[in-house]
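Asker: quick one, fold the following:
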Amino acid sequence: MVHGGDLTEAMARHGGTPQQWLDLSTGINPWPWPIPSDLPPAVWQRLPSRVDQDHLIAVARTAYRVPGGVEIAIAPGTQALIQWMPRLAAPGPVAIMGPTYGEHALTWQSAGHEVVAWDDPGNLPEGVCHAVIVNPNNPDGRVVSPDAIVQLAARLGERGGWLVLDEAFADVEPSVSAVAVCKGLPIVILRSFGKFYGLAGLRLGFAIGAPEIVQRIVAALGPWSCSGPALHIGALALADRQWAEGTRDRLKRQANRLDDVLARTGFEVAGGTSLFRLARHRDALKRHATLARQHIWCRCFEGHEDLLRFGLPPDEAALHRLSAALAEGE
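Answerer: Residues are numbered from 1 along each chain as shown. All right, here's what the predicted structure looks like:
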């Protein structure tokens, strides 16, 4: 599965301007953390300092509940980390639990690793050195338990490999995170800032894990890997616990309302998180085309022609627009 959020294809096929489209193709929070209007001019005018980076790392350590003996690297988005992981890892095959976000397989393949399809956390394929799990998974929301993760990481460690956990959507349900069990294991956790905080354009992400792995990531990224505004805004937002708690509740309520709309119009909700819902319909591709003609963009999947993924409508008008368009297509 490739990423969403680019309306170029939709507009090329169906016309319209970005303002006319209701873009439900992403899993980004439609209600972003409010950026202050009075950012210090220095964050734009000077290179980020080590103090700026250390401050954000300290705030992230608290926000993500990172234990001692585990380190954090700051990156310009988790996609940059996804690109680097197979290039820093030892040679050898990688098992990627799927179906999932397609960039993982593409980057490991392009770095020369054999990619092995995998769907059972209790049955690690023989001969693989590394494994990748998106947890919770995109697009179905599948969650692998911390106990299973510990066992997998221990087995991969015996093979000289790494377990990469993409926790891009874990902010909506922090208990899913494996951060509490990663100490002493060859685990790298990737955390996305932009999805839950609704600021994907800021390009900020984190790698959390064993010091020897994180230090290799830091060296690969080099100095000033993140902008001054990203460091400053990231620290402010991650420290805002009240906003995070309220947002989790708000996202759950809106996801439930989206489920109701989907169920009323013939879909079966097949999974997801509170940032996106995966829905099944025997005529999913036909419904996708009907929505596109009405300038509503959601996700369809090659090889899974009965599934569509919907991001959250941002307001009452958008929810009603989706409901009416789906009802018209019945």
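Asker: CA only for contacts and neighbour counts going forward, please
Answerer: Fine.
Asker: Leu275 contacts Arg253, correct?
Answerer: No. Counting by CA atoms under 8 Å, Leu275 stays clear of Arg253, with 10.7 Å between them.
Asker: which of these two has more neighbours?
Answerer: Neighbour count, other CA atoms under 10 Å: between Leu275 and Arg253, Leu275 has more, with 23 against 13.
Asker: quick check: the gap between that one and Leu24.
Answerer: Taking CA to CA, to the nearest Å as the criterion, Leu275 is separated from Leu24 by 10 Å.
Asker: shared neighbours, those two?
Answerer: With contacts taken as CA atoms under 8 Å, 6 or more residues apart in numbering, Leu275 and Leu24 have Gly311, Leu312 as neighbours in common.
Asker: from the middle of its chain, how far away would stretch 219-236 be?
Answerer: How far stretch 219-236 lies from its chain's middle: 19 Å, per CA atoms, centre = their mean, to the nearest Å.
Asker: okay, how far is it across that stretch, tip to tip?
Answerer: The first and last residues of stretch 219-236 sit 26 Å apart, counting by CA to CA.
Asker: repeat for stretch 290-301
Answerer: Stretch 290-301 has an end-to-end distance of 16 Å (criterion: CA to CA).
Asker: centre of the chain to that stretch, how far?
Answerer: The chain centre lies 22 Å from the centre of stretch 290-301; the measure is CA atoms, centre = their mean.
Asker: ditto for stretch 123-139
Answerer: Computed by CA atoms, centre = their mean, the separation of stretch 123-139 from the middle of its chain amounts to 16 Å.
Asker: show the average pLDDT along it.
Answerer: The predicted model assigns stretch 123-139 a mean pLDDT of 96.
Asker: just stretch 231-241 next, same as before
Answerer: Predicted confidence along stretch 231-241 averages 98 (mean pLDDT).
Asker: show me what counts as buried in it.
Answerer: Buried positions in stretch 231-241, judged by neighbour count with 16 or more other CA atoms under 10 Å: Leu231, His232, Ile233, Gly234, Ala235, Ala237, Leu238.
Asker: quick one: which helix or strand includes the first one?
Answerer: In this assignment (DSSP states H and E), Leu231 forms part of helix 228-238.
Asker: against which helices or strands is the helix or strand that that helix is followed by packed?
Answerer: Stepping forward along the backbone from helix 228-238, the first helix or strand reached (DSSP H and E) is helix 241-264. Contact partners of helix 241-264 among helices and strands, from 3 or more CA pairs under 8 Å, 6 or more residues apart in numbering; DSSP states H and E: strand 268-273, strand 276-280, helix 316-328.
Asker: if anything else comes up later, I'll come back, but that's it for now.
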